[in-house]
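Enquirer: predicted model follows, preceded by the sequence.
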2 protein chains.
Amino acid sequence: MSDARPSPVFGGESLLFLTDEQLRQGIEAMFFAYRGFTADPDRILAEMAYGRAHHRAIHFINRAPGTTVNNLLAILGVTKQSLNRVLRTLIADGLVESRVGTQDKRERHLFLTEAGAALEAKLSDAQRARMRAAYKEAGPEAVAGFRQVLEAMMDREMHRAYAKLRDSGS
Amino acid sequence: MSDARPSPVFGGESLLFLTDEQLRQGIEAMFFAYRGFTADPDRILAEMAYGRAHHRAIHFINRAPGTTVNNLLAILGVTKQSLNRVLRTLIADGLVESRVGTQDKRERHLFLTEAGAALEAKLSDAQRARMRAAYKEAGPEAVAGFRQVLEAMMDREMHRAYAKLRDSGS
DNA sequence: ACTTTATGTCAGTCTTGTTGACATTCCAAT
DNA sequence: ATTGGAATGTCAACAAGACTGACATAAAGT
(Lines give C-alpha, C1' and ligand atoms only; values in the text may rest on other atoms or scores of the structure.)
Protein backbone atom coordinates (compact mmCIF):
# COMPACT_ATOMS: atom_id res chain seq x y z
CA MET A 1 0.00 0.00 0.00
CA SER A 2 2.88 2.35 0.63
CA ASP A 3 4.82 1.73 -2.54
CA ALA A 4 5.83 4.39 -5.01
CA ARG A 5 3.03 3.76 -7.47
CA PRO A 6 1.79 7.15 -8.66
CA SER A 7 -1.87 8.09 -8.70
CA PRO A 8 -2.92 10.07 -11.75
CA VAL A 9 -4.87 13.26 -11.28
CA PHE A 10 -6.66 14.95 -14.11
CA GLY A 11 -7.25 18.66 -13.76
CA GLY A 12 -6.83 21.85 -15.72
CA GLU A 13 -5.01 21.08 -18.94
CA SER A 14 -2.23 19.01 -17.46
CA LEU A 15 -1.90 15.50 -16.14
CA LEU A 16 -0.36 15.22 -12.70
CA PHE A 17 1.04 12.10 -11.07
CA LEU A 18 0.84 12.14 -7.32
CA THR A 19 3.59 10.04 -5.84
CA ASP A 20 3.58 9.11 -2.18
CA GLU A 21 6.60 11.35 -1.88
CA GLN A 22 4.71 14.37 -3.21
CA LEU A 23 1.82 13.68 -0.88
CA ARG A 24 4.18 13.34 2.04
CA GLN A 25 5.69 16.71 1.22
CA GLY A 26 2.20 18.19 1.29
CA ILE A 27 1.53 16.55 4.64
CA GLU A 28 4.73 17.89 6.13
CA ALA A 29 4.14 21.35 4.67
CA MET A 30 0.72 21.34 6.34
CA PHE A 31 2.31 20.38 9.66
CA PHE A 32 4.97 23.09 9.58
CA ALA A 33 2.65 25.75 8.20
CA TYR A 34 0.09 25.16 10.93
CA ARG A 35 2.77 25.76 13.52
CA GLY A 36 3.58 29.07 11.87
CA PHE A 37 -0.10 29.83 11.64
CA THR A 38 -0.56 29.53 15.42
CA ALA A 39 2.86 30.80 16.51
CA ASP A 40 2.07 34.52 16.81
CA PRO A 41 -1.19 34.22 18.75
CA ASP A 42 0.40 31.54 20.94
CA ARG A 43 3.14 33.96 21.94
CA ILE A 44 0.61 36.62 22.91
CA LEU A 45 -1.55 34.12 24.79
CA ALA A 46 1.41 32.75 26.71
CA GLU A 47 2.02 36.21 28.22
CA MET A 48 -1.35 36.12 29.87
CA ALA A 49 -2.33 32.75 31.31
CA TYR A 50 -4.29 31.70 28.23
CA GLY A 51 -3.92 29.04 25.58
CA ARG A 52 -5.09 28.17 22.12
CA ALA A 53 -8.45 27.00 23.42
CA HIS A 54 -9.21 30.49 24.73
CA HIS A 55 -8.25 31.97 21.39
CA ARG A 56 -10.64 29.72 19.51
CA ALA A 57 -13.52 30.55 21.84
CA ILE A 58 -12.86 34.28 21.62
CA HIS A 59 -12.54 34.13 17.87
CA PHE A 60 -15.88 32.47 17.25
CA ILE A 61 -17.75 34.48 19.88
CA ASN A 62 -16.52 37.58 18.09
CA ARG A 63 -17.54 36.04 14.80
CA ALA A 64 -21.05 35.20 15.97
CA PRO A 65 -21.97 37.37 18.98
CA GLY A 66 -24.82 36.00 21.06
CA THR A 67 -24.11 32.43 20.03
CA THR A 68 -24.93 29.71 22.54
CA VAL A 69 -22.56 27.27 24.21
CA ASN A 70 -24.06 24.44 22.23
CA ASN A 71 -23.55 26.34 19.01
CA LEU A 72 -19.93 26.97 19.81
CA LEU A 73 -19.47 23.30 20.64
CA ALA A 74 -20.55 22.23 17.18
CA ILE A 75 -18.06 24.59 15.57
CA LEU A 76 -15.11 23.86 17.83
CA GLY A 77 -15.61 20.11 17.88
CA VAL A 78 -14.80 19.60 21.55
CA THR A 79 -16.90 18.43 24.46
CA LYS A 80 -19.03 20.87 26.37
CA GLN A 81 -17.07 20.10 29.51
CA SER A 82 -13.84 21.09 27.86
CA LEU A 83 -15.29 24.29 26.47
CA ASN A 84 -16.87 25.09 29.80
CA ARG A 85 -13.56 25.27 31.62
CA VAL A 86 -12.27 27.78 29.10
CA LEU A 87 -15.44 29.88 29.16
CA ARG A 88 -15.45 29.91 32.96
CA THR A 89 -12.03 31.54 33.10
CA LEU A 90 -12.88 34.00 30.33
CA ILE A 91 -16.07 35.02 32.13
CA ALA A 92 -14.29 35.24 35.48
CA ASP A 93 -11.65 37.47 33.89
CA GLY A 94 -14.30 39.72 32.39
CA LEU A 95 -13.54 39.00 28.73
CA VAL A 96 -16.79 37.20 27.95
CA GLU A 97 -20.31 37.87 29.13
CA SER A 98 -22.85 35.05 29.46
CA ARG A 99 -26.52 35.99 29.31
CA VAL A 100 -29.27 33.53 30.14
CA GLY A 101 -31.62 33.10 27.17
CA THR A 102 -34.96 34.94 27.31
CA GLN A 103 -36.87 32.41 25.23
CA ASP A 104 -35.06 29.31 26.40
CA LYS A 105 -33.59 29.81 29.83
CA ARG A 106 -31.37 26.76 29.49
CA GLU A 107 -29.29 28.49 26.87
CA ARG A 108 -26.44 30.90 27.62
CA HIS A 109 -25.75 33.53 25.00
CA LEU A 110 -22.13 34.60 24.76
CA PHE A 111 -20.72 38.05 24.05
CA LEU A 112 -17.30 39.64 24.21
CA THR A 113 -16.86 42.50 26.66
CA GLU A 114 -14.75 45.48 25.64
CA ALA A 115 -11.70 43.83 27.15
CA GLY A 116 -12.55 40.63 25.31
CA ALA A 117 -12.93 42.45 22.02
CA ALA A 118 -9.58 44.15 22.62
CA LEU A 119 -7.82 40.81 23.08
CA GLU A 120 -9.59 39.37 20.06
CA ALA A 121 -8.37 42.28 17.96
CA LYS A 122 -4.83 41.86 19.21
CA LEU A 123 -4.78 38.14 18.42
CA SER A 124 -6.51 38.54 15.07
CA ASP A 125 -4.20 41.33 14.00
CA ALA A 126 -1.18 39.13 14.65
CA GLN A 127 -2.64 36.18 12.80
CA ARG A 128 -3.90 38.27 9.90
CA ALA A 129 -0.50 39.90 9.53
CA ARG A 130 1.09 36.48 9.02
CA MET A 131 -1.68 35.46 6.65
CA ARG A 132 -1.45 38.68 4.69
CA ALA A 133 2.31 38.33 4.31
CA ALA A 134 1.95 34.75 3.10
CA TYR A 135 -0.78 35.72 0.63
CA LYS A 136 1.31 38.59 -0.64
CA GLU A 137 4.35 36.40 -1.14
CA ALA A 138 2.44 33.65 -2.92
CA GLY A 139 0.20 35.82 -5.08
CA PRO A 140 -3.54 35.81 -5.73
CA GLU A 141 -3.66 32.73 -7.92
CA ALA A 142 -1.83 30.69 -5.34
CA VAL A 143 -4.28 31.97 -2.72
CA ALA A 144 -7.24 30.73 -4.74
CA GLY A 145 -5.61 27.31 -5.02
CA PHE A 146 -4.78 27.32 -1.33
CA ARG A 147 -8.41 27.89 -0.43
CA GLN A 148 -9.63 25.21 -2.83
CA VAL A 149 -7.37 22.55 -1.38
CA LEU A 150 -8.22 23.51 2.21
CA GLU A 151 -11.92 23.24 1.55
CA ALA A 152 -11.47 19.87 -0.08
CA MET A 153 -9.55 18.70 2.96
CA MET A 154 -12.29 19.45 5.50
CA ASP A 155 -14.79 16.91 6.73
CA ARG A 156 -18.26 17.30 5.33
CA GLU A 157 -19.70 18.46 8.67
CA MET A 158 -16.90 20.98 9.10
CA HIS A 159 -17.53 22.23 5.62
CA ARG A 160 -21.15 22.79 6.48
CA ALA A 161 -20.35 24.58 9.72
CA TYR A 162 -17.81 26.67 7.89
CA ALA A 163 -20.14 27.58 5.03
CA LYS A 164 -22.76 28.62 7.58
CA LEU A 165 -20.27 30.90 9.30
CA ARG A 166 -19.08 32.29 6.00
CA ASP A 167 -22.58 33.14 4.85
CA SER A 168 -23.57 34.68 8.15
CA GLY A 169 -20.38 36.70 8.37
CA SER A 170 -20.10 38.32 4.98
CA MET B 1 -6.30 48.21 13.26
CA SER B 2 -9.18 45.83 12.75
CA ASP B 3 -11.27 47.96 10.44
CA ALA B 4 -12.28 46.98 6.94
CA ARG B 5 -9.50 48.84 5.17
CA PRO B 6 -8.24 46.61 2.35
CA SER B 7 -4.59 45.89 1.80
CA PRO B 8 -3.59 45.77 -1.86
CA VAL B 9 -1.62 42.82 -3.14
CA PHE B 10 0.00 42.81 -6.52
CA GLY B 11 0.58 39.44 -8.12
CA GLY B 12 0.06 37.67 -11.37
CA GLU B 13 -1.86 39.87 -13.75
CA SER B 14 -4.59 40.89 -11.34
CA LEU B 15 -4.83 43.26 -8.42
CA LEU B 16 -6.21 41.72 -5.27
CA PHE B 17 -7.58 43.56 -2.26
CA LEU B 18 -7.29 41.62 0.94
CA THR B 19 -9.99 42.64 3.34
CA ASP B 20 -9.89 41.55 6.95
CA GLU B 21 -12.93 39.46 6.11
CA GLN B 22 -11.10 37.56 3.38
CA LEU B 23 -8.14 36.98 5.67
CA ARG B 24 -10.44 35.73 8.38
CA GLN B 25 -11.97 33.26 5.97
CA GLY B 26 -8.49 32.00 5.20
CA ILE B 27 -7.76 31.67 8.91
CA GLU B 28 -10.93 29.72 9.54
CA ALA B 29 -10.36 27.52 6.51
CA MET B 30 -6.93 26.68 7.88
CA PHE B 31 -8.44 25.79 11.25
CA PHE B 32 -11.12 23.50 9.84
CA ALA B 33 -8.83 21.94 7.25
CA TYR B 34 -6.23 21.05 9.85
CA ARG B 35 -8.86 19.18 11.81
CA GLY B 36 -9.71 17.20 8.71
CA PHE B 37 -6.03 16.67 8.08
CA THR B 38 -5.50 14.98 11.45
CA ALA B 39 -8.91 13.31 11.80
CA ASP B 40 -8.14 9.99 10.12
CA PRO B 41 -4.84 9.23 11.87
CA ASP B 42 -6.38 10.38 15.16
CA ARG B 43 -9.11 7.78 14.82
CA ILE B 44 -6.58 5.01 14.23
CA LEU B 45 -4.37 6.18 17.08
CA ALA B 46 -7.29 6.33 19.50
CA GLU B 47 -7.89 2.60 19.02
CA MET B 48 -4.45 1.83 20.39
CA ALA B 49 -3.40 3.96 23.36
CA TYR B 50 -1.52 6.47 21.25
CA GLY B 51 -1.92 10.14 20.41
CA ARG B 52 -0.84 12.66 17.85
CA ALA B 53 2.57 12.99 19.49
CA HIS B 54 3.31 9.34 18.78
CA HIS B 55 2.28 9.81 15.18
CA ARG B 56 4.65 12.72 14.69
CA ALA B 57 7.56 10.81 16.19
CA ILE B 58 6.88 7.73 14.07
CA HIS B 59 6.47 9.83 10.96
CA PHE B 60 9.80 11.57 11.22
CA ILE B 61 11.72 8.49 12.37
CA ASN B 62 10.43 6.78 9.26
CA ARG B 63 11.40 9.81 7.23
CA ALA B 64 14.94 9.93 8.57
CA PRO B 65 15.91 6.53 10.00
CA GLY B 66 18.81 6.62 12.42
CA THR B 67 18.13 10.20 13.40
CA THR B 68 19.01 11.22 16.94
CA VAL B 69 16.68 12.41 19.69
CA ASN B 70 18.16 15.87 19.45
CA ASN B 71 17.55 15.93 15.73
CA LEU B 72 13.94 14.97 16.16
CA LEU B 73 13.55 17.67 18.80
CA ALA B 74 14.52 20.40 16.39
CA ILE B 75 11.97 19.22 13.86
CA LEU B 76 9.09 18.63 16.23
CA GLY B 77 9.62 21.81 18.24
CA VAL B 78 8.91 20.30 21.65
CA THR B 79 11.10 19.78 24.69
CA LYS B 80 13.27 16.71 24.93
CA GLN B 81 11.44 15.67 28.07
CA SER B 82 8.13 15.68 26.26
CA LEU B 83 9.50 13.70 23.34
CA ASN B 84 11.21 11.31 25.70
CA ARG B 85 7.97 10.15 27.28
CA VAL B 86 6.54 9.37 23.86
CA LEU B 87 9.68 7.58 22.72
CA ARG B 88 9.81 5.55 25.94
CA THR B 89 6.35 4.08 25.31
CA LEU B 90 7.11 3.44 21.64
CA ILE B 91 10.33 1.64 22.58
CA ALA B 92 8.61 -0.30 25.36
CA ASP B 93 5.92 -1.39 22.90
CA GLY B 94 8.51 -2.50 20.38
CA LEU B 95 7.69 0.02 17.66
CA VAL B 96 10.92 1.97 17.86
CA GLU B 97 14.47 0.82 18.42
CA SER B 98 17.04 3.05 20.12
CA ARG B 99 20.70 2.36 19.42
CA VAL B 100 23.51 4.03 21.32
CA GLY B 101 25.76 5.96 18.95
CA THR B 102 29.05 4.35 18.02
CA GLN B 103 30.96 7.59 17.52
CA ASP B 104 29.19 9.62 20.20
CA LYS B 105 27.82 7.38 22.93
CA ARG B 106 25.62 10.17 24.26
CA GLU B 107 23.45 10.01 21.16
CA ARG B 108 20.62 7.56 20.63
CA HIS B 109 19.84 6.69 17.03
CA LEU B 110 16.22 5.89 16.36
CA PHE B 111 14.76 3.30 13.97
CA LEU B 112 11.35 1.84 13.37
CA THR B 113 10.93 -1.89 13.99
CA GLU B 114 8.79 -3.92 11.62
CA ALA B 115 5.77 -3.30 13.83
CA GLY B 116 6.60 0.40 13.91
CA ALA B 117 6.89 0.57 10.14
CA ALA B 118 3.55 -1.22 9.84
CA LEU B 119 1.81 1.37 12.02
CA GLU B 120 3.52 4.18 10.16
CA ALA B 121 2.25 2.79 6.88
CA LYS B 122 -1.27 2.48 8.23
CA LEU B 123 -1.31 6.06 9.49
CA SER B 124 0.36 7.47 6.40
CA ASP B 125 -1.98 5.62 4.09
CA ALA B 126 -4.98 7.16 5.82
CA GLN B 127 -3.52 10.65 5.74
CA ARG B 128 -2.34 10.36 2.16
CA ALA B 129 -5.76 9.15 1.06
CA ARG B 130 -7.34 12.32 2.40
CA MET B 131 -4.61 14.43 0.83
CA ARG B 132 -4.89 12.68 -2.48
CA ALA B 133 -8.64 13.16 -2.55
CA ALA B 134 -8.29 16.86 -1.77
CA TYR B 135 -5.61 17.30 -4.42
CA LYS B 136 -7.76 15.50 -6.96
CA GLU B 137 -10.78 17.61 -6.19
CA ALA B 138 -8.88 20.89 -6.32
CA GLY B 139 -6.71 20.15 -9.34
CA PRO B 140 -2.99 20.49 -9.97
CA GLU B 141 -2.88 24.27 -10.28
CA ALA B 142 -4.64 24.68 -6.97
CA VAL B 143 -2.14 22.26 -5.44
CA ALA B 144 0.78 24.37 -6.60
CA GLY B 145 -0.83 27.45 -5.03
CA PHE B 146 -1.57 25.53 -1.87
CA ARG B 147 2.07 24.59 -1.46
CA GLN B 148 3.24 28.14 -2.16
CA VAL B 149 1.02 29.66 0.51
CA LEU B 150 1.93 26.99 3.06
CA GLU B 151 5.63 27.58 2.57
CA ALA B 152 5.16 31.32 2.93
CA MET B 153 3.31 30.72 6.17
CA MET B 154 6.10 28.78 7.90
CA ASP B 155 8.62 30.35 10.23
CA ARG B 156 12.08 30.75 8.78
CA GLU B 157 13.54 28.04 11.03
CA MET B 158 10.75 25.67 10.13
CA HIS B 159 11.33 26.38 6.50
CA ARG B 160 14.95 25.47 6.90
CA ALA B 161 14.16 22.26 8.76
CA TYR B 162 11.58 21.42 6.15
CA ALA B 163 13.88 22.11 3.21
CA LYS B 164 16.50 19.90 4.82
CA LEU B 165 14.04 17.06 5.16
CA ARG B 166 12.81 17.56 1.63
CA ASP B 167 16.30 17.40 0.20
CA SER B 168 17.34 14.39 2.23
CA GLY B 169 14.15 12.52 1.41
CA SER B 170 13.85 12.86 -2.33
C1' DA C 1 -48.40 15.62 36.44
C1' DC C 2 -44.68 12.72 34.94
C1' DT C 3 -41.22 11.35 31.89
C1' DT C 4 -37.99 12.38 28.46
C1' DT C 5 -34.88 15.46 26.23
C1' DA C 6 -31.73 19.43 25.98
C1' DT C 7 -28.45 22.49 28.00
C1' DG C 8 -25.02 23.57 30.94
C1' DT C 9 -21.91 22.68 35.28
C1' DC C 10 -18.88 20.06 38.46
C1' DA C 11 -15.43 16.39 39.35
C1' DG C 12 -11.93 13.21 38.02
C1' DT C 13 -8.73 11.07 34.57
C1' DC C 14 -5.46 10.95 30.56
C1' DT C 15 -2.35 12.86 27.05
C1' DT C 16 1.07 15.93 26.18
C1' DG C 17 3.09 20.00 26.85
C1' DT C 18 6.23 22.48 30.39
C1' DT C 19 10.51 23.22 33.98
C1' DG C 20 13.93 21.36 37.24
C1' DA C 21 17.34 18.06 38.68
C1' DC C 22 20.50 14.70 37.30
C1' DA C 23 23.76 10.99 34.96
C1' DT C 24 26.67 10.12 31.25
C1' DT C 25 29.75 11.32 27.64
C1' DC C 26 32.57 14.30 25.00
C1' DC C 27 35.76 18.01 24.34
C1' DA C 28 38.81 21.72 25.34
C1' DA C 29 41.99 24.11 28.38
C1' DT C 30 45.13 23.73 31.52
C1' DA D 1 46.45 13.56 32.39
C1' DT D 2 43.05 16.00 34.68
C1' DT D 3 39.55 18.83 35.22
C1' DG D 4 35.56 21.78 34.06
C1' DG D 5 32.12 22.87 31.01
C1' DA D 6 28.96 21.67 27.25
C1' DA D 7 26.01 18.34 25.04
C1' DT D 8 22.86 14.51 25.21
C1' DG D 9 19.46 12.00 27.16
C1' DT D 10 16.49 10.34 31.43
C1' DC D 11 13.52 10.78 35.53
C1' DA D 12 10.07 13.37 38.28
C1' DA D 13 6.63 16.73 39.12
C1' DC D 14 3.41 19.96 37.40
C1' DA D 15 -0.04 22.57 34.08
C1' DA D 16 -3.20 22.97 30.11
C1' DG D 17 -6.68 21.08 27.77
C1' DA D 18 -8.68 17.17 25.89
C1' DC D 19 -11.94 13.26 27.58
C1' DT D 20 -16.04 10.52 30.32
C1' DG D 21 -19.37 10.29 34.04
C1' DA D 22 -22.67 12.25 37.21
C1' DC D 23 -25.74 15.81 38.01
C1' DA D 24 -28.96 20.21 38.15
C1' DT D 25 -32.12 22.84 35.70
C1' DA D 26 -35.38 23.98 32.09
C1' DA D 27 -38.26 22.71 28.17
C1' DA D 28 -41.15 19.65 25.68
C1' DG D 29 -44.01 15.53 24.97
C1' DT D 30 -47.29 12.16 26.76
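Expert: Yep, that arrived.
Enquirer: for A:Met154, what are phi and psi?
Expert: Phi and psi for A:Met154, reported as degrees, to the nearest 10, are phi -70, psi 160.
Enquirer: what's near enough to touch it?
Expert: With contact set as Cβ atoms under 8 Å, 6 or more residues apart in numbering or on different chains, A:Met154 has these partners: A:Tyr162, B:Ala29, B:Phe32, B:Ala33, B:Arg35, B:Gly36. The way it works is simple: take the backbone N, C-alpha and C, and place the C-beta from them, glycine included.
Enquirer: which among the residues you listed gets closest to DNA strand C?
Expert: Of all those, B:Arg35 has the smallest distance to DNA strand C: 15.5 Å, by Cβ to the nearest atom of the strand.
Enquirer: where does the closest one sit: helix, strand or coil?
Expert: State at B:Arg35, reduced to three classes by DSSP: H, G, I helix; E, B strand; the rest coil: helix.
Enquirer: what residues are up against the residue positioned nearest the centre of chain A?
Expert: Chain A has A:Arg56 as the residue nearest its centroid, 6.9 Å off, counting by Cα atoms, centre = their mean. Counting by Cβ under 8 Å, 6+ apart, A:Arg56 touches A:Leu76, B:Phe31.
Enquirer: if I look at it, what pLDDT would I see?
Expert: A:Arg56 is assigned 95 on the pLDDT scale.
Enquirer: how near is it to A:Gln127?
Expert: Going from A:Arg56 to A:Gln127 by Cβ to Cβ, to the nearest Å gives 12 Å.
Enquirer: what of A:Phe37?
Expert: According to Cβ to Cβ, A:Phe37 stands 7 Å off from A:Gln127.
Enquirer: grab the nearest non-local neighbour of the closest residue to chain B within chain A.
Expert: As assessed by Cβ to the nearest Cβ, chain B sits closest to A:Gly145 within chain A, at 2.5 Å. With sequence-adjacent residues excluded and distances taken as Cβ to Cβ, 6 or more residues apart in numbering or on different chains, A:Gly145 is closest to B:Gly145, at 2.5 Å.
Enquirer: ranking by neighbours, what's the top pick from the contacts of A:Met154?
Expert: B:Ala33 (26 neighbours; other Cβ atoms under 10 Å in any protein chain shown).
Enquirer: tell me the contacts of the residue lying closest to that residue once chain neighbours are set aside?
Expert: In this structure, B:Ala33 finds its nearest non-sequential neighbour in A:Leu150, 3.9 Å apart by Cβ to Cβ, 6+ apart. Residues in contact with A:Leu150, defined by Cβ under 8 Å, 6+ apart, are B:Ala29, B:Met30, B:Phe32, B:Ala33, B:Phe146.
Enquirer: give me the number of residues near the second one?
Expert: Read that as B:Met30. Neighbour count of B:Met30, defined by other Cβ under 10 Å: 24.
Enquirer: low-confidence ranges, chain A, go.
Expert: Residues of chain A that meet the criterion pLDDT under 70 lie in A:1-16, A:167-170.
Enquirer: list the buried residues of the helix or strand containing A:Ala57.
Expert: Using DSSP states H and E, A:Ala57 sits within helix A:52-63. By 16 or more other Cβ atoms under 10 Å in any protein chain shown, the buried positions in helix A:52-63 come out as A:Ala53, A:His54, A:His55, A:Arg56, A:Ala57, A:Ile58, A:His59, A:Phe60, A:Ile61, A:Asn62.
Enquirer: can I get those in JSON lines including distance to B:Gln25?
Expert: Shown next, in JSON lines, are the buried residues of helix A:52-63 (distance: Cβ to Cβ, whole Å):
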{"residue": "A:Ala53", "distance to B:Gln25": "22"}
{"residue": "A:His54", "distance to B:Gln25": "22"}
{"residue": "A:His55", "distance to B:Gln25": "17"}
{"residue": "A:Arg56", "distance to B:Gln25": "16"}
{"residue": "A:Ala57", "distance to B:Gln25": "19"}
{"residue": "A:Ile58", "distance to B:Gln25": "18"}
{"residue": "A:His59", "distance to B:Gln25": "13"}
{"residue": "A:Phe60", "distance to B:Gln25": "13"}
{"residue": "A:Ile61", "distance to B:Gln25": "17"}
{"residue": "A:Asn62", "distance to B:Gln25": "14"}
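Enquirer: the residue of chain A found nearest DNA strand D and A:Asn84: what is the separation?
Expert: Proximity of chain A to DNA strand D (Cβ to the nearest atom of the strand) peaks at A:Gly51, 1.3 Å away. Going from A:Gly51 to A:Asn84 by Cβ to Cβ gives 15 Å.
Enquirer: tell me which element the residue nearest to A:Gly51 when sequence neighbours are not counted is part of?
Expert: Of all residues not flanking A:Gly51 in the chain, A:Leu45 sits nearest, at 5.9 Å (Cβ to Cβ, 6+ apart). Using DSSP H and E, A:Leu45 maps to helix A:20-47.
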